[in-house]
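Chemist: Build me a model:
(chains A and B)
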Amino acid sequence: MGVGGFGAGLGSMEQLYQQLILDHSRRPHGKGLLEAFDGESFQVNPTCGDQVRLRVTLAPDGARLATLGWDGQGCSISQASISVMNDLVAGLALPEVAALGEAFGLLMHSRGRGVPDQVADSLGDAIAFEGVSQYPMRVKCALLGWMALKDAVAKAAAGDSSPAHVPEGI
Amino acid sequence: MTALSMPEPALIPEAELAAIRADFPILQRQVRGGVPLVYLDSGATTQRPTPVLHAMEDFATGRNAAVHRGAHALAEEATEDYEEARGDIARFVGARPEEIVFTSGTTGAINLLVSSLDAASTGRGGPAAWQFALTRGDRIVVTQAEHHSNLVPWQELAARSGAELAWLRVGPDGRLRLDDLSQVVTAHTKVVAFTHASNVTGAVTDVATVVAAAKGVGALTVLDAAQTAGHMPVDLPGLGVDFAAFSGHKTLGPHGVGALYGRLDLLEVLPPGFYGGSMVEIVTMTEATFQPPPTRFEAGTQPVTEVIGWAAAVRYLSEIGMARVEAHEAALTARLLAGVAGVPGVRLLGPPGIDGRLGCVAVEFDGVHPHDAGQYLDSLGFAVRVGHHCAQPVHRALGTHTSTRATLGVYNTPAEVDAYAAALATVRPYFGVGE
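Modeler: This is a model prediction of the structure:
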């Protein structure tokens, strides 16, 4: 009985694990929590228990994202996604951060069918995650950091700088 | 340690195993663009043999009706099939038919029991049910090895009743620390709920020792047999537990059906926790009287087709013989554990030998997250579970968060296990770790 063969399965693996993703997962950017913050979010992926705590500060005028810092653990897709996101959003106006998050969400739910050019162009390095969209069970991994960012920014914009709820004994 | 011996590991002969596999068409599948499927996720759900599907089809196309209501021919036949199925399930675990309450699964069974205990705690069921009542100062004991389904319902019952939740810890080898029993199971303990085997470490619990400690303080025992019922002979009355839960879909049966086992003398005085049609005798505008068990606990329309399918599944297992199923899986587990032991950068979660252990082999890769490892293994055709497997606390107790888990079934072959062990050795190199 032939078992454990190498078939076409590995081909889409290579689309999934692009070099850029592997590089970011090994040396993630923006890792480390900010001491002072305007908004904080804690998110988990219920399937695997992966988690991220992310803090943001806003520029003095409140209209731009100044800095972000995060800590967490997860698979290479989730870690690389947060790292790439970190590079893309620093310094952007809040509506631009939101638009980028929506574009990334579109890419993730494209099921490998691609997204319009203008969406793809807006995503910069984050387009490397297109292969994830072919694996519905992994989409949540790539979105984990983006969900935390959206939540932390919303809190910061609303003036809510309270710490995020983290369950006891985690 | 008592009651933890294993039978002599013995593979099912090749020709017989091939015949068994032929009963599971899904095992012939290819996945991910053409690699043969190697199904190693039976701990999550077992595959179903064709006799199960045929039994369900025969029922649905020939005898389908609501049971225990109506007097027409179909209603009579369906009721007969349903009660015969109860007898089959009961025999499978050494119980009497009246001691088997059908539920939606193990989770449904534990929640049903918790609802009943909650009802007793508010005075329902009268003085005969006072033995089930929980209040402030009482203690509910669970273990760190529990699946969330045998932990979260008890957390909720503790919160509602004011009882304190305490737990047995897991040692570094993944086994429960039974030396702590006398400290944890105190005189105030009313319930001891524990798993028959961890769905992460595969460690089988020494049930007799836990039951003795619980009985010593007059506590009820509740056994989660979801992981064991399909993989070893299980005699619930023989184990001496008061209640137990197990599932259809982990014993070659369909999803959506399972059972709560309860000692008859206890079920007879336990108040229901779920209400509606069929479980009542007389209903007025203000109150109702309830049927005897098990009907008292089966409110509403039951998943009859699934019950029929499940009975066919346990008959299928019984025909092979549960002792032979256990011996086959033990032989496969020994091969897999030996293979894992030889892979650099891989840590086994759970006991390293097959004594008192199921074919549930969870590992952690140094430098590779289980999601990534699982994705790679999936691309080679291996269906394994990655993540926390609905058991976060036991992972935390073992110093990690997640793992990559292979769980065996009666239909797995030595070739599959060997191929998987060989593939494990390629995971870290694929991700450029440990070169």
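Chemist: quick one: secondary structure of the closest residue to B:Gly387 other than its chain neighbours?
Modeler: Take B:Gly387 and drop its neighbours on the chain: the residue closest to it by CB to CB, 6 or more residues apart in numbering or on different chains is A:Cys48, 3.7 Å away. For every residue, glycine as well, the C-beta is placed using N, CA and C. Following DSSP: H, G, I helix; E, B strand; the rest coil, the label given to A:Cys48 is coil.
Chemist: Tell me where chain B is predicted with low confidence.
Modeler: Within chain B, the segments meeting pLDDT under 70 span B:1-6, B:435.
Chemist: Going by proximity to chain A, name the top residue of it.
Modeler: B:Gly33 (2.7 Å; CB to the nearest CB).
Chemist: gap between the two ends of stretch A:35-50?
Modeler: Counting by CA to CA, to the nearest Å, you get 23 Å between the two ends of stretch A:35-50.
Chemist: wait, I meant stretch B:176-190
Modeler: End to end - CA to CA - stretch B:176-190 spans 20 Å.
Chemist: ditto for stretch B:116-131
Modeler: 12 Å.
Chemist: And for stretch B:369-388?
Modeler: OK, stretch B:369-388 end separation, CA to CA: 12 Å.
Chemist: mind listing what's buried in it?
Modeler: B:369-388 (16 or more other CB atoms under 10 Å in any protein chain shown).
Chemist: How about the contacts made by the residue nearest to B:Gly387?
Modeler: Applying CB atoms under 8 Å, 6 or more residues apart in numbering or on different chains to A:Cys48 gives the contacts A:74-75, A:141, B:370-371, B:386-388, B:402.
Chemist: Among those, which pair sits farthest apart?
Modeler: Between any two of the contacts of A:Cys48, the greatest separation by CB to CB is 14.2 Å, found for A:Cys141 and B:His388.
Chemist: Could you name the helices and strands sitting against the helix or strand of chain A with the lowest mean pLDDT?
Modeler: Every helix and strand of chain A was ranked by mean pLDDT, DSSP states H and E. The lowest is helix A:9-16, at a mean of 77. On a contact count with 3 or more CB pairs under 8 Å, 6 or more residues apart in numbering or on different chains; DSSP states H and E, helix A:9-16 meets helix B:370-379.
Chemist: how big is the angle separating the helix it packs on from helix A:9-16?
Modeler: Relative orientation of helix B:370-379 versus helix A:9-16 (axes from the mean of the first three to the mean of the last three CA atoms, to 10 degrees): 140 degrees.
Chemist: is any part of helix B:370-379 close to chain A?
Modeler: Yes. Using CB under 8 Å from any CB of the partner chain, helix B:370-379 reaches chain A at B:370-372, B:375-376, B:378-379.
Chemist: So for stretch B:58-70, what gets flagged as buried?
Modeler: Judged by neighbour count (16+ other CB under 10 Å), stretch B:58-70 contains these buried residues: B:59, B:63-68.
Chemist: Please state the offset of it from the chain centre?
Modeler: Chain-centre distance of stretch B:58-70: 28 Å, with CA atoms, centre = their mean, to the nearest Å.
Chemist: end-to-end on it?
Modeler: End-to-end distance (CA to CA), stretch B:58-70: 21 Å.
Chemist: domains for chain B, by residue range?
Modeler: Following automatic domain parsing, one finds the domains of chain B at B:3-48+B:321-430, B:53-318.
Chemist: Quick one: end-to-end distance for stretch B:201-212.
Modeler: End-to-end for stretch B:201-212, by CA to CA: 24 Å.
Chemist: follow-up on the earlier one: the residue of chain B closest to chain A: how many residues sit nearby?
Modeler: 12 (other CB atoms under 10 Å in any protein chain shown).
Chemist: just checking, it touches A:Ser12?
Modeler: Yes. Assessed by CB atoms under 8 Å, B:Gly33 is found in contact with A:Ser12 at 7.3 Å.
Chemist: what's the angle from the longest helix belonging to chain A to helix B:370-379?
Modeler: Counting by DSSP state H, the longest helix found in chain A is helix A:139-157. Interaxial angle, helix A:139-157 versus helix B:370-379 (the same axes, to 10 degrees): 150 degrees.
Chemist: pLDDT on helix A:139-157, on average?
Modeler: The average pLDDT within helix A:139-157 is 96.
Chemist: just to revisit the earlier point, is it possible to get the residues of helix B:370-379 next to chain A out as CSV so that each row also shows distance to B:Val185?
Modeler: CSV is the format used below for those (distance: CB to CB, whole Å):
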residue, distance to B:Val185
B:Pro370, 34
B:His371, 38
B:Asp372, 41
B:Gln375, 43
B:Tyr376, 44
B:Asp378, 42
B:Ser379, 47
